[in-house]
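Engineer: Sharing a sequence plus its predicted fold:
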Amino acid sequence: MSLDHRIEVPTDFCRIGLLTRRDGQPVQVPFFARLLEPAALAEVQDIHQEALRRVPEPGLVRVDSEAFFAHHFSGEGRTLGVFAGDRLIAYGILGLPAGPDYRYDRFLEDLGLPASEWNRMAQLIGVAVRPEWRGNGLHRRLCEWRLELAHAVHRWQVAAVSAPGNPYSWRNLLAVGLRIKGVKWLSGDQLRYLLHADLRGSSLLDPASVVTIEVSAMAEQRRLLAAGYWGYAVAMEQSVLRLRYARPLPP
Ligand SMILES: CC(C)(COP(=O)(O)OP(=O)(O)OC[C@H]1O[C@@H](n2cnc3c(N)ncnc32)[C@H](O)[C@@H]1OP(=O)(O)O)[C@@H](O)C(=O)NCCC(=O)NCCS
């Protein structure tokens, strides 16, 4: 079996569906999703810039360069796009690092995985939905589709980062099966949850160990993570956003 991801990623990936909300109002607009060509660079960057302009506080969404986007249309990545008519309304990037020379996110090292797993890494490293189309579950679908692509190319080690202050992002990552396994700093000052899943199967969580904790209680979450707990679900109690943590059972 060849491990050359440039050959194996299915180029004919295509999904269709229905958008049912635009600006919060009911609509019925078909969408289709497919892999983007490098010619989509300007539109992808436009969605990214629009997302950056609207973040409620700086640092919740990383500022990515033109080179970063250009790098992930082929070779060490793929970019999925969602279209309403001929307008690109959302994108999601799948990073497929070839090895330790990869220039961007190094989740393998963050997670403490062995170097032999470089060609098993699939990194969910950028996503945005145009504001008027938010609330259609497109992020969750973009996560699921990227997991499908990762599975197709035997990239079992799926990883992502997400700002604790951006629940719209991490609750979708948790919903598709990623687990919070650590925290890290981006650019020295942007705190992120480090999320991971092994598509070959993850340990079950011990129901006797469940702890529910406020998202704002970062020191406590760090202690739990250091003790081997994983964050696995969102819980809203009395209008306070919380996360559920539990310990994995021994295999
Ligand atoms: C993260 C993101 C892609 C999620 O978009 P999405 O898939 O449309 O979100 P969902 O369908 O899961 O939305 C669920 C709910 O949250 C709301 N919501 C989603 N994103 C929101 C945001 N950024 N601000 C406020 N509300 C938001 C939706 O309107 C919906 O509301 P409802 O429960 O009342 O119906 C989108 O918020 C976004 O593009 N953010 C900017 C870029 C970003 O944060 N990327 C991730 C880090 S790289």
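Structural biologist: Sure, I can see it.

Engineer: Leaving out sequence neighbours, find the closest residue to N166.
Structural biologist: Across the structure, with C-beta to C-beta, 6 or more residues apart in numbering as the measure, the residue nearest N166 apart from its sequence neighbours is L60 (4.8 Å). Heads up, the C-betas are built off the backbone N, CA and C, glycines and all.

Engineer: what secondary structure does the one you found sit in?
Structural biologist: Local secondary structure at L60 is given as coil here, using DSSP: H, G, I helix; E, B strand; the rest coil.

Engineer: can you count the residues close to it?
Structural biologist: Under the neighbour criterion other C-beta atoms under 10 Å, L60 is assigned a count of 19.

Engineer: Would you agree it is in contact with A163?
Structural biologist: Yes: distance between L60 and A163: 4.7 Å, which falls inside the contact criterion (C-beta atoms under 8 Å).

Engineer: so where's the stretch 151-251 of the chain shaky on pLDDT?
Structural biologist: Residues of the stretch 151-251 of the chain that meet the criterion pLDDT under 70 are absent altogether.

Engineer: what residues does it put near the ligand?
Structural biologist: Counting by C-beta under 6 Å from any ligand atom, the residues of the stretch 151-251 of the chain lying close to the ligand are N166, Y168, S169, N172.

Engineer: So what does the residue nearest to N166 have for phi and psi?
Structural biologist: For L60, the backbone dihedrals are phi -70, psi -30 (criterion: degrees, to the nearest 10).

Engineer: Name all residues that make contact with it.
Structural biologist: Contacts were defined as C-beta atoms under 8 Å, 6 or more residues apart in numbering; by that measure L60 touches A163, G165, N166.

Engineer: Ranking by neighbours, what's the top pick from those residues?
Structural biologist: Of all the contacts of L60, the highest neighbour tally under other C-beta under 10 Å goes to A163, namely 19 neighbours.

Engineer: is it true that that residue touches R192?
Structural biologist: Yes: in this structure, A163 sits in contact with R192. The criterion is C-beta under 8 Å, and the distance is 5.7 Å.

Engineer: what distance separates stretch 137-151 from the centre of its chain?
Structural biologist: Stretch 137-151 has its C-alpha centroid displaced from the chain centroid by 9 Å (C-alpha atoms, centre = their mean, to the nearest Å).

Engineer: Using the record's assignment, carve this protein into domains.
Structural biologist: 5-202, 203-251 (automatic domain parsing).

Engineer: Return the most buried member of those.
Structural biologist: domain 5-202 (a mean of 17; mean count of other C-beta atoms under 10 Å).
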